[in-house]
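*Asks:* I'll drop the sequence and a predicted model, then ask my questions.
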Amino acid sequence: MPLPTLTEDIAIEALRNFFREKPFLFFGTGMSCALDPRFGMPALKDALLEGMQSRALTDTQKAEWDAVVSALDNGTDLENALNSVNDQDLLKILTEITGASIAEVDKNYAFRIACEKTQWPAIRILKKLVETLPEGDRILHVLTPNYDMLFEYACDVAGIPYTNGLFGGVERRRDWQAVDRALLKPEQIYHSRKMKTVFKHKKHVRLYKVHGSLNYFFHHNALIENNAWMWYPPDYAERIMITPGLKKYQTLQKYRQELLQSADTAIDKATHFLFLGYGFNDNHIEEYIKRKLITQACCGLIVTKDSNTRIESLLSKSNNLWLVCKLADEAANGSRVYNKQYADWLLLPEKTIWDICDFTTQILGG
């Protein structure tokens with residue numbers, strides 16, 4: 001039997017129905033690059049190439065870096081080119097340059113977002129997701145590989161409570177029990193013919209920054225968060241930022257408890273997954289997700305500017321995964337929608353719902 005044709009009405013209804021259940025939200029560099037392309041991999045590549053020119057390297061480090069440069073010159077992407085790096089001290093240099101590059105852009109947007117001169121693109125959909133959390137489950141789980149702090153700045157301006165599991169004063173450390181208690185609030189309920197005070201969670205976001213963050217450091221033998229250091233860190237504080245390349249898998253294992261363990265647990269419980277500006281470049285993050293989407297046929301929705309072969313491979317194997325992206329023609333600005341249950345792509349040349357701001361307005365009405 002031939003597959004049915006995907007119409008605009010069918011697609012719009014399906015996209016709206018997706019939000020009847022609370023999703024686990026993933027967002028990638030697309031949500032940062034929508035504000036400034038300097039948050040992206042091409043800009044990071046340029047920053048590393050420029051920054052490494054002034055570094056004094058050992059013979060081993062120079063040989064490894066020369067291999068990276070050669071791979072880049074031959075058209076290899078930065079992620080794979082950095083597979084040549086094994087020297088731990090060279091990796092620290094690359095992390096330092098990466099942190100400085102992202103911090104330089106980040107600090108500009110910290111002030112712009114705080115003054116409401118600009119807006120993080122996904123803040124309206126995030127606010128809707130938090131506001132519509134079910135009363136019995138008031139936590140929205142959010143994961144990102146991004147290093148920048150745009151999400152955090154946007155939440156502060158919008159008044160959205162969030163936590164990353166780190167608790168304390170100037171230096172914060174992992175303590176999910178403490179942050180869990182801090183997000184409880186008293187509520188009055190009528191029980192057994194009298195009023196009773198119970199404590200329930202505020203509606204809030206739990207943020208998992210699985211590749212580290214500008215404000216994450218290794219200090220006093222622990223992962224700590226210190227906002228005062230994120231733009232200009234002291235020499236004695238080592239940034240925790242998982243840079244591209246094979247070595248990131250070893251580094252992730254070192255900090256797995258702090259960066260990944262709680263995210264793994266939340267992913268395991270989730271049945272709906274929303275991906276914004278996410279390119280599916282990280283196998284270690286997506287191992288669980290692909291199993292949920294393919295084997296368990298969980299529902300998924302990808303909203304991004306550009307599709308790629310990794311996304312389309314996942315679409316071909318997943319029964320309940322939708323993609324909203326830009327038309328393939330670079331000169332066109334319209335949208336296309338796909339789900340493998342239908343015969344072909346739906347083309348919407350007059351709609352820009354691949355843009356998360358327009359998606360929020362046209363699909364969710366806000």
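*Replies:* Happy to help now that I have it. No experiment lies behind these values; they were computed from the predicted model shown. Residues are numbered from 1 along each chain as shown.
*Asks:* Residue 289 versus residue 298, what's the distance?
*Replies:* Distance check for residue 298 against residue 289: by C-beta to C-beta, to the nearest Å, it reads 9 Å. Where C-beta positions appear, they are placed from N, C-alpha and C, glycine not excepted.
*Asks:* Which residues are in contact with each of these two?
*Replies:* residue 273 (C-beta atoms under 8 Å, 6 or more residues apart in numbering).
*Asks:* Which secondary structure state is assigned to the nearest residue to residue 319 once chain neighbours are set aside?
*Replies:* Spatial nearest neighbour of residue 319, excluding adjacent residues (C-beta to C-beta, 6 or more residues apart in numbering): residue 297 at 4.9 Å. When classified by DSSP: H, G, I helix; E, B strand; the rest coil, residue 297 comes out as coil.
*Asks:* before we move on, which element is the nearest residue to residue 237 once chain neighbours are set aside in?
*Replies:* Leaving aside its sequence neighbours, residue 237 sits nearest to residue 217 (C-beta to C-beta, 6+ apart; 4.3 Å). Taking DSSP states H and E as the definition, one finds residue 217 inside strand 212-219.
*Asks:* That strand pairs with which strands?
*Replies:* Strand pairing for strand 212-219, using DSSP bridges, gives strand 222-225 (antiparallel), strand 238-241 (antiparallel).
*Asks:* low pLDDT regions in the stretch 101-250 of the chain?
*Replies:* 245-250 (pLDDT under 70).
*Asks:* what's the pLDDT at the closest residue to residue 277 other than its chain neighbours?
*Replies:* Distance criterion C-beta to C-beta, 6+ apart; nearest residue to residue 277, sequence neighbours excluded, is residue 30 at 2.1 Å. Turning to residue 30, the model gives it a pLDDT of 95.
*Asks:* so who does residue 30 touch?
*Replies:* 276, 277, 278, 279, 304, 305.
*Asks:* The fourth one and residue 314 touch, don't they?
*Replies:* No: at 11.2 Å, residue 279 and residue 314 do not qualify as touching, with contact defined as C-beta atoms under 8 Å.
*Asks:* Show me what counts as buried in the helix or strand hosting residue 154.
*Replies:* Secondary structure assignment for residue 154, by DSSP H and E: helix 150-158. Within helix 150-158, the residues that count as buried by 16 or more other C-beta atoms under 10 Å are 150, 151, 152, 153, 154, 155.
*Asks:* Compute the number of surrounding residues for the residue nearest to residue 319.
*Replies:* Residues near residue 297, counting by other C-beta atoms under 10 Å, number 13.
*Asks:* do the same with residue 28
*Replies:* 21.
*Asks:* and if you look at residue 228?
*Replies:* Considering only other C-beta under 10 Å, residue 228 is surrounded by 11 other residues.
*Asks:* how close does the nearest residue to residue 15 once chain neighbours are set aside get to residue 199?
*Replies:* Take residue 15 and drop its neighbours on the chain: the residue closest to it by C-beta to C-beta, 6+ apart is residue 363, 5.1 Å away. Here residue 363 is placed at a distance of 35 Å from residue 199 (C-beta to C-beta).
*Asks:* now the strand holding residue 217 and helix 150-158, what's the angle there?
*Replies:* 100 degrees (axes from the mean of the first three to the mean of the last three C-alpha atoms, to 10 degrees).
*Asks:* which of the residues in strand 212-219 are buried?
*Replies:* Here strand 212-219 shows 212, 213, 214, 215, 216, 217, 219 as buried, counting by 16+ other C-beta under 10 Å.
*Asks:* What of stretch 177-186?
*Replies:* 178, 179, 183.
*Asks:* hey, which helix is longest across the chain?
*Replies:* Identified as the longest helix of the chain according to DSSP state H is helix 88-114.
*Asks:* For that helix, which helices and strands make contact with it?
*Replies:* Where contact means 3 or more C-beta pairs under 8 Å, 6 or more residues apart in numbering; DSSP states H and E, helix 88-114 is packed against helix 41-51, helix 59-73, helix 150-158, strand 212-219, strand 238-241.
*Asks:* Distance check, residue 31 against residue 150.
*Replies:* Distance from residue 31 to residue 150, by C-beta to C-beta: 7 Å.
*Asks:* Check residue 308 too.
*Replies:* Residue 308 is 23 Å from residue 150, by C-beta to C-beta.
*Asks:* I'd like the helices and strands packed on helix 88-114 laid out as a markdown table, including distance to residue 194.
*Replies:* What follows is those, written out as a markdown table (distance: least, C-beta to C-beta, whole Å):
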| stretch | distance to residue 194 |
| --- | --- |
| helix 41-51 | 60 |
| helix 59-73 | 69 |
| helix 150-158 | 37 |
| strand 212-219 | 46 |
| strand 238-241 | 50 |
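*Asks:* Out of the ones you listed, flag the one nearest residue 326.
*Replies:* helix 41-51 (17.9 Å; C-beta to C-beta).
*Asks:* Could you give the average pLDDT over the closest one?
*Replies:* 95.
*Asks:* Tell me which residues are up against that helix.
*Replies:* 29, 37, 69, 72, 77-79, 94, 97-98, 100-102, 244.
*Asks:* Summarise which helices and strands the host helix or strand of residue 263 is packed against.
*Replies:* Secondary structure from DSSP H and E places residue 263 in helix 261-269. In terms of contacts (3+ C-beta pairs under 8 Å, 6+ apart), helix 261-269 is packed against strand 139-144, strand 204-209, helix 283-290.
*Asks:* right, so of those, which gets closest to residue 268?
*Replies:* Here helix 283-290 is closest among the helices and strands packed on helix 261-269 (C-beta to C-beta), at 6.7 Å.
*Asks:* Run a quick neighbour tally on residue 169.
*Replies:* Neighbours around residue 169, by other C-beta under 10 Å: 6.
*Asks:* Please apply the same query to residue 134.
*Replies:* Quick note: residue 134 (other C-beta under 10 Å) scores 9 neighbours.
*Asks:* Cool, thanks, talk later.
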